[in-house]
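Novice: Just the structure for this:
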Amino acid sequence: MKLKPIYILYLLCVLIIGSCSEDHNHAEKGTVMQIVKIKTNLSEAEFIAAAKKREPQFEAIPGIVQKYYLKLGGSGEYGGVYIWDSEASIKAFKETTLAKTIGEAYGVIEPPSVEIVEILFQLRD
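Specialist: Alright, predicted model coming up:
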């Protein structure tokens, strides 16, 4: 069985990054990775349109270094990988209207899967 890249990323995060301690040097540009997986009835085109519409709002979030939009293996399965400067930034984001409307904006049909892990270091800048 060949693993899809998102599952490889997930396994790496869980097995390598997830158990790091506070005294490790963090990545210069981001210290925390958040992996979100959702299930929706939206088509790929509809999902991309919804994401593009909200893109400027995500770009303006304090503390977010990068966000990757993902198409996962099954029909209607999408996700996002966020790189944050700190867990405090994630907590602040969760209180925003933008965060609270993710389910509605993407037509989420079941609870999302969310995992937060620390980044030890990055390969490239």
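Novice: Tell me which stretches of this protein form strands.
Specialist: For the chain, the strands defined by DSSP state E cover 32-39, 64-71, 77-84, 113-118.
Novice: Only the buried residues of the second one, if you could.
Specialist: If you call a residue buried by 16 or more other CB atoms under 10 Å, then strand 64-71 has these buried ones: 64, 65, 67, 70. Every residue, glycine included, has its C-beta placed from N, CA and C.
Novice: repeat for the shortest one
Specialist: By 16+ other CB under 10 Å, the buried positions in strand 113-118 come out as 117, 118.
Novice: same for it, what does it pack against?
Specialist: strand 32-39 (3 or more CB pairs under 8 Å, 6 or more residues apart in numbering; DSSP states H and E).
Novice: ok, residues contacting the strand it packs on?
Specialist: Strand 32-39 has contacts (CB atoms under 8 Å, 6 or more residues apart in numbering) with 9-10, 13, 17, 72, 74, 76-87, 89-90, 102-103, 106, 108-110, 112-119.
Novice: and if you look at stretch 80-88?
Specialist: 9, 29-36, 63-70, 90, 116, 119.
Novice: from the chain's centre, how far out does that stretch sit?
Specialist: Here stretch 80-88 is found 8 Å from its chain centre; the criterion is CA atoms, centre = their mean, to the nearest Å.
Novice: Name the residues of that stretch that are buried.
Specialist: Buried, per 16+ other CB under 10 Å, within stretch 80-88: 80, 81, 82, 83, 84, 85.
Novice: Please apply the same query to stretch 92-110.
Specialist: Buried residues in stretch 92-110, counted by 16+ other CB under 10 Å: 93, 105, 106, 108.
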